[in-house]
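Enquirer: what follows is a predicted structure for the sequence shown.
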Amino acid sequence: MLGERIRKLRKQKKLTLEALAGDVLTKGMLSLIENNKAQPSMESLSYIAKRLEVDTADLLEEISSAELMEILEQAENIYSSDFEKSPNKYIELVSLIKPFINNLTQGYASARLLDIYSRSLYRSKKSGWEEIADRAYFLYEQLNLASYQADISIFRSSEKFITHEYEESLTLFLHERAKLESKQAYMNQMTRLDLDYHEAILYFAVGDSKSAIQVMEKAIDFSKEKRLFYRIDDLYRLAAAEALMSHNKEKRDYYTKKLKQYGEFADDRHSIVFHELLQIMTIIAEEQNYHYALQLINQYNLESEDMCNFKVWFYLEKGKALYGLGHFKEALLYLKKVEIPENFHHPFDLSIFYVTDSYKALCYVELQKIDLALESAKIAVEKISPLPHTPYKEMIYDTYEKIKGKASKTNEAEES
């Protein structure tokens with residue numbers, strides 16, 4: 001029992017009750033704890049362990065389900081907190097859960113704590129997260145919680161995805177999905193859509209648009225057939241982005257319209273703004289109506305907090321529109337504000353943003369700064385070269401070749 005372990009360690013250290021209690025606990029309370037007549041709080045337990053110069057885990061050979069649920073509640077609250085407001089949350093979670101790792105052997109609370117712990121280790125750039133994820137997966141499997149198993153499978157695959165190892169990510173994901181589905185007689189409908197959405201993303205990432213479109217359109221049909229509409233906004237955004245990349249005007253118009261309808265129906269501002277953004281991108285790229293594009297962009301206060309997720313997108317499009325109007329210095333001001341968010345890893349997103357350096361280069365050419373233009377154009381090529389083919393990749397390579405030719409002519413003229 002916990003109390004007996006504390007008393008044994010105290011006597012081994014030759015400490016009295018008063019000495020161990022210190023300024024935090026009373027002698028009476030410590031006596032009750034040692035006689036198993038009172039349960040210490042986690043704070044008190046950590047304090048006792050520190051005074052005894054042992055890890056909290058050394059005191060906890062067993063832990064009650066009530067205590068475990070209390071720890072899980074704390075962990076969930078920390079895990080769900082805003083990272084910007086709690087930048088050390090993953091380190092905090094590691095410290096919270098680590099003392100109980102050896103006790104997490106059965107039940108949902110143990111599985112979920114292992115799950116959170118593995119992700120926190122990964123986010124904290126600590127080793128060992130894979131083994132912990134395996135333990136969580138095994139417990140979820142015992143509990144027949146396929147949705148949680150699927151989430152771990154996606155997490156494992158995403159680890160490769162965010163380092164841009166797209167082929168490895170897809171291979172791992174397909175293996176994980178096949179393993180999961182082979183053991184599941186019934187797959188939750190929302191879990192199936194999560195898997196479909198992630199699979200489509202990965203197929204697009206490796207340049208297999210045919211497979212991606214098949215999976216994506218099948219998922220959209222399934223979502224509508226079951227009247228779930230789960231992931232439907234994500235799928236519409238993905239479908240619209242693919243149509244934009246492939247210059248399929250009919251599908252682009254169809255899916256952007258669907259996205260707008262969904263946004264209005266669900267009162268989802270994210271979908272509505274994304275629809276507007278796609279419209280602006282089309283107006284600039286195809287219609288070249290830069291004045292109208294600027295009118296649409298200027299409807300938004302780009303510095304407001306609610307534009308946080310879209311700010312860089314609008315900066316880029318505003319820079320393009322200003323370039324198209326010949327306002328090169330002003331265009332550069334907005335293009336220089338574009339910083340690719342850390343959570344952007346898909347080739348679609350990266351390709352769109354890597355053209356920023358190409359537009360900077362074009363502005364520099366017009367401002368007669370050929371050296372800067374060549375440098376910026378080269379940066380864009382270096383960034384996009386590992387990615388699969390997209391129209392943006394073509395634009396980046398074409399821009400670089402044109403500026404190289406211009407730089408060569410300029411050098412020849414100077415030499416002569």
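Expert: Cool, got the structure.

Enquirer: mind listing what residue 52 touches?
Expert: 6, 9, 10, 13, 15, 20, 59 (CB atoms under 8 Å, 6 or more residues apart in numbering). In this view, the C-beta of every residue, glycine as well, is placed from N, C-alpha and C.

Enquirer: got any ranges where the stretch 151-300 of the chain has weak pLDDT?
Expert: 185 (pLDDT under 70).

Enquirer: quick one, helices of it?
Expert: 166-182, 189-205, 209-225, 232-245, 249-266, 269-282, 290-297 (DSSP state H, counting those that start in this stretch).

Enquirer: want to throw those into a markdown table with distance to residue 86 and mean neighbour count?
Expert: Output for these, formatted as a markdown table (distance: least, CB to CB, whole Å; neighbours: other CB atoms under 10 Å):
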| stretch | distance to residue 86 | mean neighbour count |
| --- | --- | --- |
| helix 166-182 | 28 | 17 |
| helix 189-205 | 26 | 22 |
| helix 209-225 | 34 | 17 |
| helix 232-245 | 26 | 21 |
| helix 249-266 | 29 | 17 |
| helix 269-282 | 23 | 19 |
| helix 290-297 | 33 | 18 |
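
Enquirer: just put these in a markdown table and tack on distance to residue 388.
Expert: A markdown table is the format used below for the helices of the stretch 151-300 of the chain (distance: least, CB to CB, whole Å):
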| stretch | distance to residue 388 |
| --- | --- |
| helix 166-182 | 8 |
| helix 189-205 | 7 |
| helix 209-225 | 9 |
| helix 232-245 | 10 |
| helix 249-266 | 19 |
| helix 269-282 | 20 |
| helix 290-297 | 28 |
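
Enquirer: wait, residue 392 touches residue 380, no?
Expert: No. With contact defined as CB atoms under 8 Å, residue 392 does not reach residue 380; the gap is 9.4 Å.

Enquirer: between these two, tell me which one has more neighbours.
Expert: Set residue 392 next to residue 380 and count neighbours by other CB atoms under 10 Å: residue 380 wins out with 24 against 21.

Enquirer: I figured that one hits residue 357, correct?
Expert: Yes. Checked against CB under 8 Å, the pair residue 380 and residue 357 is within contact range at 3.7 Å.

Enquirer: any common contacting residues for those two?
Expert: Common neighbours of residue 380 and residue 357 (CB under 8 Å, 6+ apart) are residue 396.

Enquirer: circling back: mutual contacts of residue 392 and residue 380, please.
Expert: Taking CB under 8 Å, 6+ apart as the criterion, residue 392 and residue 380 both touch 354, 355.

Enquirer: show me what the longest helix anywhere in the chain is in contact with.
Expert: In the chain, with assignment by DSSP state H, the single longest helix is helix 391-415. For helix 391-415, the surrounding residues in contact (CB under 8 Å, 6+ apart) are 245, 247, 351-352, 354-355, 357-358, 361-362, 365, 370-371, 373-374, 377-378, 380-381, 384, 387.

Enquirer: out of the contacts of residue 52, which sit inside strands?
Expert: If you go by DSSP state E, the contacts of residue 52 have nothing in strands.

Enquirer: if we can go back for a sec, so for the longest helix of the chain, mean pLDDT?
Expert: Helix 391-415 shows a mean pLDDT of 86.

Enquirer: buried residues in stretch 310-326, which are they?
Expert: 310-324 (16 or more other CB atoms under 10 Å).

Enquirer: how far off centre is it?
Expert: Offset of stretch 310-326 from its chain centre (CA atoms, centre = their mean, to the nearest Å): 25 Å.

Enquirer: send over it as CSV, restricted to the C-alpha atoms.
Expert: The C-alpha trace of stretch 310-326 is given here as CSV (Å, rounded to 0.1, in the frame of the first residue of the first chain):
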residue,chain,number,x,y,z
PHE,A,310,-5.8,33.7,-43.6
LYS,A,311,-3.5,36.7,-43.3
VAL,A,312,-0.5,35.2,-45.2
TRP,A,313,-2.8,34.0,-48.0
PHE,A,314,-4.2,37.5,-48.5
TYR,A,315,-0.7,39.1,-48.3
LEU,A,316,0.4,36.9,-51.1
GLU,A,317,-2.6,37.6,-53.3
LYS,A,318,-2.4,41.4,-52.6
GLY,A,319,1.3,41.3,-53.6
LYS,A,320,0.4,39.6,-56.9
ALA,A,321,-2.4,42.0,-57.6
LEU,A,322,-0.2,45.0,-57.0
TYR,A,323,2.5,43.5,-59.2
GLY,A,324,-0.1,43.1,-61.9
LEU,A,325,-1.0,46.8,-61.6
GLY,A,326,2.7,47.9,-61.8
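
Enquirer: okay, residue 57: pLDDT?
Expert: On the pLDDT scale, residue 57 gets 68.

Enquirer: do the one 3 residues further on as well
Expert: For residue 60, the model assigns a pLDDT of 67.

Enquirer: contact partners for the nearest residue to residue 259 once chain neighbours are set aside?
Expert: Closest residue to residue 259 apart from its sequence neighbours, by CB to CB, 6 or more residues apart in numbering: residue 236 at 4.3 Å. Residues near residue 236 by CB under 8 Å, 6+ apart: 220, 255, 258, 259, 262, 271.

Enquirer: what's the angle from the strand or helix carrying residue 315 to helix 269-282?
Expert: Taking DSSP states H and E as the criterion, residue 315 maps to helix 311-324. Angle of helix 311-324 versus helix 269-282, following axes from the mean of the first three to the mean of the last three CA atoms, to 10 degrees, is 20 degrees.
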